[in-house]
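S.K.: give me coordinates for this.
(chains A and B)
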Amino acid sequence: MVIEAAPKEELGFDAIDTIVHKHNVEAGAVIPILQEIQDTYGYVPPVAIQRIAENINVPASEIFGIVTFYGQFRLQPLGKYLIKICHGTACHLCGAEMVAEIVSQVTGAKEGKTSEEGLFTVERVACIGCCCLAPCMMINGEAYGRLTPEAIGKIINEIRKQEAPVTAG
Amino acid sequence: MSVKRNGSWLIRVGLASCGIASGGRKVYNALSTQLGDRGLDVKLKQTGCMGMCYNEPLVEVLSPQQERTFYGKVTPDMVGRIINEHLIGSNPVTEWVIPDEEISGLLGKQKRIVLRNCGIIDPESIDDYLAADGYQAIEKVLRSMSPQEVIAEVTNSGLRGRGGAGFPTGIKWGFARRSPGTQKYIICNADEGDPGAFMDRSVLESDPHSVIEGMLLAGYAIGASEGYIYVRAEYPLAIQRLEIALAEAREAGFIGESILDYNFDFDIKIRQGAGAFVCGEETALIASVEGRRGMPRFRPPFPAHSGLWGKPTTINNVETLANLAWIILHGANAYNTYGTEKSKGTKVFALAGKVAHGGLIEVPMGITLREIVFDIGGGTSTGLEFKAIQIGGPSGGVIPASLSDTPVDYESVTKTGAIMGSGGLIVMDESSCMIDITKFFLNFTQEESCGKCTFCRLGTLRMLEILQRIADGNGREGDIELLEELAWNVKRASLCGLGQTAPNPVLTTIKYFRDEYEEHIYDKKCRAKKCPALITYEIITEKCPGCGLCVKYCPTEAISGEKKKPYVIDQEKCIRCGLCMNTCRLGAISVH
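M.R.: Residues are numbered from 1 along each chain as shown, chains lettered A, B, ... in the order given. You can find the predicted model right below:
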């Protein structure tokens, strides 16, 4: 079962408005606005779509269309660590499916889902461009390459260790 | 062009994404601490991609006499000895040095124009770029050349768009120049979406100013005052270094109003792509910059007449732009001495897959695939026989080993049924299944199809379904012909490049590996032992010590047995993921 990280639906309109107004001097700012919303909250909360629409006078349906068109946007909250498993050509040849399987085993998060304790979200991505280190993955923006089952276990355990006091308490 | 140093030692650490992913930052920090502790007069510098990605993390030591030594796969533990023996004792630690023969094999056939500064300068320092003739091309152009002369120079150089289509850059500029209107735009296409390609990422991470200078030159040539860099959000380091470079360039007066006090204004903004492959197509990219769903539209009108916000727009790829300053400074004739009759200059490739020396390479057009794979790439990494090379990503095709003498230029590659594409080169050995790789690409294009054209939206899905059933051992007689027919229809009836090229992997693999398709369909055999439905994993009793490691990783609990006795695999439960074989350190698991 997927446990969503604490929803931030109560997020204030002020915060959203601030982000919108930083961008709306420019035409075509919807995507940068959504990107900043997602950077801030980890996902695009539905309430934000409505609020952006009111602010910039674009129908909410159109913004929703943009959010669902682009692979980057998420309508669900994320775990604390976003693991992007590279499925580029080189990684595919060198065992990306193996990496995906091991990562889901050790984190407990299936592809596209978040682990129960809310720590890990696992995603499949097209290519992170570290092809010579295949197979590889990216955790919160940092790339890890030349992965083996042992290496993956080590990386995830390292994170768990760091998080141990927090999750235990 | 190397940055001149006098008198002291210089150490460079490759800190592009590949270097960082391999632990380059830790090496850099260890060097920084230990050099500081000892108060040595050594300049330590971060740099971008040195091109030898297979050896990351890389450290280059440059002696006061300008002797270059490269250390590969450096760890923080190795730093102490390198400092003691090499920097203090002047004796390189030979066992860690990348041998000269390896370096000359790698670099001997390369010609670095686009990559001239990559792995040499600090990408976060405009001073480094300036010391390497940076921003001299824009200065020269503003001082002494008319926009028409710049266009003529680039046309004469023979430079063609490096994003894949290969349209002559100078001619493209001419269209936008002649389009009426005062507001025009330059867009740098850095939406490098091909899986297996990292040329643009590396250039942006290693030498962002050369791309910025290229945009300035393009802007001057067509009469634009604004530019956008459309870069993938998946490249956080490239974006960060571009932001730094833009801020530095603005501060130094290379971007903004009255650049270098000439009557030329140009500003650049970054737009992050949001994860849609189709946005590499120029009309879709424009829609995305305008804040809409990135769907291609019918052309004409071409962007040169009606592009961003309906204004004349030129879209150039990162690599195309990174060539420009060099061409302006050295002249069109210096550039067009490289290459073939119709494909001039050099091309950057991301060499990866089952190749021994994978990395970022730049070669003169006309070099053969064999030279790339064997002389530069050092053959396969697995020791297995070289089978084929995939060029051009999901829009490209697979060229078999028997055509290794194909010269790499736009015309020759197209003749094989593949396309040059943006520069992804994936080497495949005997362990690569052609059905599997084709399925992989179709899966990608099918997911990335924007859905506008029926043939692309549904045709790619139908082809994928057929490939899937062939891989599953359920292929039927007539499937190959059906695939071919579908492929040609999707090619002919799709609006944009995505659909028009998506069938290329299917067509080239059928053309060159038809026997492998037939084996899957009629004999239910996968010779590469990749397709799960057609293989079985077994434990070799004599070799299995019963350590139980494979049991730990098996996702379906298909392996059982007693400790210290040979284990067995329950074929009913086994899903043939191959994890056991990957984890077994003793080679006690076989596949057939």
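S.K.: tell me how many other residues crowd the nearest residue to residue B:575 once chain neighbours are set aside.
M.R.: Excluding the flanking residues, the one nearest residue B:575 by CB to CB, 6 or more residues apart in numbering or on different chains is residue B:556, at 5.4 Å. Placement of C-beta: from N, CA and C, glycine included. Residues near residue B:556, counting by other CB atoms under 10 Å in any protein chain shown, number 13.
S.K.: now name the helix or strand holding residue 28.
M.R.: Just going to use chain A. Assigned by DSSP states H and E, residue A:28 falls within no helix or strand.
S.K.: sorry, should have said chain B
M.R.: Judged by DSSP H and E, residue B:28 forms part of helix B:24-38.
S.K.: list the buried residues in the lengthiest helix in chain A.
M.R.: Longest helix of chain A, by residue count under DSSP state H: helix A:149-168. The neighbour-count check on helix A:149-168 (16 or more other CB atoms under 10 Å in any protein chain shown) flags A:149, A:152-153, A:155-156, A:159-160 as buried.
S.K.: pLDDT-wise, what's the bottom of those residues?
M.R.: pLDDT across the buried residues of helix A:149-168 is lowest for residue A:149, at 88.
S.K.: roughly how far does it sit from chain B?
M.R.: 5 Å (CB to the nearest CB, to the nearest Å).
S.K.: now do the contacts for that residue.
M.R.: Residues in contact with residue A:149 (CB atoms under 8 Å, 6 or more residues apart in numbering or on different chains) are A:98, A:102, B:553, B:579, B:582-583.
S.K.: closest to residue B:526 among the buried residues of helix A:149-168?
M.R.: Nearest to residue B:526 among these: residue A:149, at 23.4 Å, using CB to CB.
S.K.: show me where chain A dips below the pLDDT cut-off.
M.R.: For chain A, residues meeting the criterion pLDDT under 70 lie at A:1-11, A:24-27, A:165-169.
S.K.: recalculate using a threshold of 80.
M.R.: For chain A, applying pLDDT under 80 flags the ranges A:1-12, A:24-27, A:165-169.
S.K.: mind listing the strands for it?
M.R.: For chain A, the strands defined by DSSP state E occupy A:81-86, A:120-125, A:137-139, A:142-144.
S.K.: which residues are in contact with the residue lying closest to residue B:305 once chain neighbours are set aside?
M.R.: Leaving aside its chain neighbours, residue B:305 sits nearest to residue B:179 (5.2 Å; criterion: CB to CB, 6+ apart). Contacts for residue B:179 (CB under 8 Å, 6+ apart) come out as B:304-305, B:312.
S.K.: can you say which of the residues you listed are buried?
M.R.: The neighbour count (16+ other CB under 10 Å) marks B:304-305, B:312 as buried among the contacts of residue B:179.
S.K.: which residues of the stretch 151-300 of chain B lie near chain A?
M.R.: Neighbours of chain A within the stretch 151-300 of chain B, by CB under 8 Å from any CB of the partner chain: B:192-198, B:201-202, B:233-236, B:271-277, B:288-294.
S.K.: switch to 7 Å and redo it
M.R.: By CB under 7 Å from any CB of the partner chain, the residues of the stretch 151-300 of chain B that approach chain A are B:193, B:195-196, B:198, B:201, B:233-236, B:272, B:274-277, B:288-291, B:293-294.
S.K.: in strands, which of the residues you listed appear?
M.R.: residue B:272.
S.K.: need the buried ones from the residues of the stretch 151-300 of chain B next to chain A selected in PyMOL.
M.R.: PyMOL command restricting these to the buried ones, with burial defined by 16+ other CB under 10 Å:
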select buried, chain B and resi 193+195+196+198+201+233+234+235+236+272+274+275+276+277+288+289+290+291+293+294
